[in-house]
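Chemist: Please work out how this folds:
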Amino acid sequence: MRIVNQPVGPLQPEITRRKKAGPEDFIAKEDYVSRDFARLEQQRLWPRTWQMACREEEIPKVGDYVTYDVLDESVIVVRTAPDRIAAYHNACQHRGRRLTEGCGHVARLLCRFHGWSWKLDGTIAHVVDRDNWDGSLKDEDIALPKVRVDSWGGWVFICMSDETEPLLDFLAPIPDVFRNYPFEKMRYRWYKSTGIACNWKTALEAFNEGYHVQTTHRQLLPVHDDEALAHAEGRHGSYQLAPGRISLGERSPRLASTKIDYRRNVRDFILMLEEDLKASIPPHMAELTQRLLDELPEEASLLDVMMKYGQIAFEAAQDRGIPFPMLTPEEIARAGADWHLFPNMVFLPSPDAMLAYRARPDRNDPERCIFEVYSLVLYPEGEAPPLERQVFGDWRDHDAWGLILEQDFENMTEVQRGMRSMGFTGSRTNPVQERSVSNFHRALRDFIGA
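Modeler: Prediction:
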């Protein structure tokens, strides 16, 4: 990865700690509980947006496929050549039966109702007793309808509308901000999917603002500066610290001032991430953080500690043959701590690992969703673990989420329950620290014309 000497992407978003709330900082409860609002989303949002369907690593071989479902729509994403991926509406052109579910490998796409089949390029391969149609059944009429497909950062995106802008324009400014981050080389460390009793937006919003850390994740405050300032980034959102601030290893300003051993703070935060989340850092880094205490003096500044941590991470990556990126301080600052990729994906980036989320609405209930959490890591070539998809009907069916995610899941379900109260009319978002939430709803309403 080459060294970049200039700041990347557009100018740093405006940093402010004071801002009067505007009309956009009130979100009516109906956006989360109303079936009418959910129908508008079904008609005007999901068919017209680019949505992450899978990672390229999930379909490495020709014939590998993943089925992406959102409400009543289903899309087959399939590798048709070593360097080509296609997507089709998942409906037999004879009687409408779905051709695939889940993921797998096929030589042809087969309908299990009457035996019609299609080649991987979407053209018809076989119609049982085709002569019954006496020549009136045309190949072009029964080819699988194509869905737009493109990729960025190792993710495969689909869009069901021909009118939506190209993927990179839709994602802007994110591809520019992360152009030197090796997302496409990261691989799954783990993947979990669960049903949760809340609207899909309630789920996402638990992860695209840092305002809740001071109460929900109070255990982080001694080793984490939680004052994250949110920003509108086009239709997307992000949050990051003011210039000159470092989050990892700093003590929250909400706590009483005390002398800090930054070596221990950074070490303890890294160990907490590994023990509690098994995400956001490569697994080998937890065991190497003791070097901070062994090789730095007790009075080392936080900047000194972070530079040492970066050195350790780079050396460890070189020793293991991991493609560690060379990034400038400007790039790392611009990347921030958290990005909400409109409409339904959130990721927390770092140079060599990532924690990410995706939420999709339940088909039958606007107050339930399918929520996916996964960890990505830079591994040595060929050493990534095999992908194991863990799927749970409800988040309480699994007892190994870790404290941080359990705290968030508790909030999500209780927020949704509280929204039903006749004493609640809508959310009053913090105009500084929850600006990304307000911006999300502005973009959402633009899409659905509400």
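
Chemist: Doesn't residue 306 lie inside a strand?
Modeler: No. Counting by DSSP: H, G, I helix; E, B strand; the rest coil, residue 306 is not part of a strand but helix.

Chemist: how near is it to residue 139?
Modeler: 61 Å (C-beta to C-beta, to the nearest Å). (Each C-beta comes from the backbone N, C-alpha and C, glycine too.)

Chemist: Neighbour count for the two, which is higher?
Modeler: Per other C-beta atoms under 10 Å, whichever of residue 306 and residue 139 has more neighbours is residue 306, with 19 against 9.

Chemist: OK, contacts around the nearest residue to the more buried one once chain neighbours are set aside?
Modeler: Take residue 306 and drop its neighbours on the chain: the residue closest to it by C-beta to C-beta, 6 or more residues apart in numbering is residue 246, 6.1 Å away. Residues in contact with residue 246, defined by C-beta atoms under 8 Å, 6 or more residues apart in numbering, are 225, 302, 303, 306.

Chemist: where's residue 246 relative to residue 265, distance?
Modeler: For residue 246, the distance to residue 265 - C-beta to C-beta - is 11 Å.

Chemist: Can you work out which residues contact both of these two?
Modeler: Joint contacts of residue 246 and residue 265 (C-beta under 8 Å, 6+ apart) are residue 302.

Chemist: Check the burial of residue 450 by counting its neighbours.
Modeler: Neighbours of residue 450 (other C-beta under 10 Å): 15.

Chemist: could you measure it against residue 163, distance?
Modeler: Distance, residue 450 to residue 163, by C-beta to C-beta: 19 Å.

Chemist: next one: residue 68
Modeler: Where residue 163 is concerned, residue 68 sits at a distance of 20 Å (C-beta to C-beta).

Chemist: Which one's more surrounded, these two?
Modeler: Neighbour totals were compared for residue 68 and residue 163, and residue 68 leads with 22 against 7 (other C-beta under 10 Å).

Chemist: which ones are touching the more buried one?
Modeler: Residue 68 touches 51, 53, 54, 74, 75, 77, 158, counting by C-beta under 8 Å, 6+ apart.

Chemist: Mind putting these into a markdown table with secondary structure, neighbour count and distance to residue 286?
Modeler: Formatted as a markdown table, the contacts of residue 68 follow (DSSP: H, G, I helix; E, B strand; the rest coil; neighbours: other C-beta atoms under 10 Å; distance: C-beta to C-beta, whole Å):
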| residue | secondary structure | neighbour count | distance to residue 286 |
| --- | --- | --- | --- |
| 51 | strand | 23 | 33 |
| 53 | strand | 26 | 32 |
| 54 | strand | 21 | 29 |
| 74 | strand | 17 | 40 |
| 75 | strand | 23 | 38 |
| 77 | strand | 26 | 34 |
| 158 | strand | 24 | 36 |
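
Chemist: which intervals of this protein have sub-threshold pLDDT?
Modeler: Residue ranges of the chain with pLDDT under 70: 1-15, 241-245.
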